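Peer 1: 3D, please:
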Amino acid sequence: MKKCLFRYGNHNINNLFDSHPSKINFHEQWIALKNKLYDLGIDLVSKENFSLKSPDLEIHLNVWKTEDNKWPKFAILTETDFIHPNNSDMDLLKKYNHLFSWNPILVDIGLATKIQFSHPLSNSIIDGFQKRDQFAVLFGSNRSLRGWHPKNNLYSERIKTIRWFERNAPKDFALYGKKWDLSGRLPTRFGGLVHSLEKKLPFKYCSFPSWKGVILNKQDVLKRSRFSIVYENIKGLKGYITEKIFDAFTAGNIPIYWGAEDIDNYIPKKCFIDRRDFLNHEELYKFLKNMSEQEYLNYQKCIKNFIENESKEFTCKNFADVISLKIVEILNNKKIKL
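Peer 2: Numbers count the residues shown, from 1 in each chain. Below is the predicted model of the structure:
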């Protein structure tokens, strides 16, 4: 059995391979990967639990500066370079034996094998909207990009949408997530400094009146909500589709999506509402309010069909299989016995 060290920078990931009810959508893909590798003769161990002097190979979550060791190294790129700049550093990328990424540019130049964010997809719900007592919701933390990227930044667009609903349709909107008791986070470290100062104020105020706090299981809320605002962190990138849209799908909730430039190459357009189709929030809101029960059911039926018949590349099994089999292929080519 080969020992594989799993690294995530300086962060503690001791419980990454343990099932956790509130983070099942994040943990399940890594549990599937660990199990698949084990079946193929590779024991994937987080650095906190690694006791040997050296591993047989390493897998990194995103790209990190590392020593030039002799054993093979692989990286799974989940973040964009807007969030994790190392993921576009060609000098660092070329130090790995192979990469796994959603990014078609890295795939086209032969550095990476294509993977998508995976999700534990369950049967979607077809129930219409009559029993859904919440109109629209948004889940997300009050964060920002590391730098100023006004053309790509969707953190700021989330705040614009939140503010529009708070001003124009407060009873039809609810906000969930961390740190919304502070002002809208500004980009760069300056935003973090502002939040730090706000926390030291002798009084507390709710900067976002639509904020309902933090909830452990978002599915409970999504299942009783008609629509959800699903904006990726970044817009305009090809292939960058995170778990957000699938959270809505598995709850029978219709997502209002904005993010990947080529989203309809992966997910049928009849499964979601494309935010880019509307000039402003007023136009979008009118469309949502005028949607009939039958139109809503049609969206739900398309979502269910997609999950059951067209979503293979987004499953945890596919994520684990693609990565594991490629790693074993490369190790065998290097004549490293498992």
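Peer 1: pretty sure S324 sits against K34.
Peer 2: No - look at S324 against K34 with CB atoms under 8 Å: they stay out of range, at 9.6 Å. The way it works is simple: take the backbone N, C-alpha and C, and place the C-beta from them, glycine included.
Peer 1: quick one: mean pLDDT for stretch 154-170?
Peer 2: For stretch 154-170, the mean per-residue pLDDT is 95.
Peer 1: now swap in stretch 42-54 and tell me
Peer 2: For stretch 42-54, the mean per-residue pLDDT is 84.
Peer 1: what residues of it count as buried?
Peer 2: 42, 44-47, 50 (16 or more other CB atoms under 10 Å).
Peer 1: list the contacts of it.
Peer 2: 1-7, 12-14, 16-17, 33-34, 37-38, 55-57, 59, 69, 71, 324, 327-328, 338 (CB atoms under 8 Å, 6 or more residues apart in numbering).
Peer 1: name the helix or strand of this protein that has the lowest mean pLDDT.
Peer 2: helix 188-199 (a mean of 67; mean pLDDT, DSSP states H and E).
Peer 1: partner strands of the host helix or strand of L44, parallel or antiparallel?
Peer 2: Here L44, judged by DSSP states H and E, is contained in strand 42-46. Paired strands of strand 42-46, with direction, are strand 2-7 (parallel) (DSSP bridges).
Peer 1: next secondary structure after the strand it pairs with?
Peer 2: As assigned by DSSP H and E, the chain's next helix or strand after strand 2-7 is helix 24-39.
Peer 1: mean confidence for that following helix?
Peer 2: Here the average pLDDT along helix 24-39 is 86.
Peer 1: which other helices and strands does that helix contact?
Peer 2: Judged by 3 or more CB pairs under 8 Å, 6 or more residues apart in numbering; DSSP states H and E, the packing partners of helix 24-39 are strand 42-46, helix 316-333.
Peer 1: again, only this time at 6 Å
Peer 2: Contact partners of helix 24-39 among helices and strands, from 3 or more CB pairs under 6 Å, 6 or more residues apart in numbering; DSSP states H and E: helix 316-333.
Peer 1: just to revisit the earlier point, and the two most separated of the buried residues of stretch 42-54?
Peer 2: Greatest spatial distance in those: I42 and K47, 15.8 Å, computed using CB to CB.
Peer 1: excluding its backbone neighbours, what's nearest S210?
Peer 2: Spatially, and ignoring its direct neighbours in sequence, S210 is nearest to L175 (4.3 Å; CB to CB, 6 or more residues apart in numbering).
Peer 1: need the three-state assignment for that neighbour.
Peer 2: strand (DSSP: H, G, I helix; E, B strand; the rest coil).
Peer 1: what about it, how many residues nearby?
Peer 2: Residues lying near L175 (other CB atoms under 10 Å) number 23.
Peer 1: go ahead and confirm it touches L138.
Peer 2: Yes - between L175 and L138 there is a contact under CB atoms under 6 Å: 5.3 Å.
Peer 1: what touches both of the two?
Peer 2: Between them, L175 and L138 share no contacting residue under CB atoms under 6 Å, 6 or more residues apart in numbering.
Peer 1: quick check: which ranges of this protein have low pLDDT?
Peer 2: By pLDDT under 70, the low-scoring segments of the chain are 9-15, 18-26, 147-150, 184, 186-192, 194-195, 198, 200, 203-206, 335-338.
Peer 1: tell me how it divides into domains.
Peer 2: Per automatic domain parsing, the structural domains of the chain span 2-120+314-333, 134-310.
Peer 1: and those: which comes nearest I126?
Peer 2: Nearest of the domains of the chain to I126, taken as CB to CB: domain 134-310 at 4.6 Å.
Peer 1: and the helices in the stretch 101-250 of the chain?
Peer 2: 104-108, 155-168, 188-199, 218-222, 244-249 (DSSP state H, counting those that start in this stretch).
Peer 1: quick one: which of the ones you listed is nearest F129?
Peer 2: Closest among the helices of the stretch 101-250 of the chain, using CB to CB: helix 218-222, at 12.6 Å.
Peer 1: related to what we said a few turns ago, reformat the domains of the chain as JSON lines; add distance to D127.
Peer 2: Below are the domains of the chain laid out as JSON lines (distance: least, CB to CB, whole Å):
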{"stretch": "domain 2-120+314-333", "distance to D127": "20"}
{"stretch": "domain 134-310", "distance to D127": "6"}
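Peer 1: quick one: closest of the ones you listed to G128.
Peer 2: domain 134-310 (5.2 Å).
Peer 1: great, nothing more from me.
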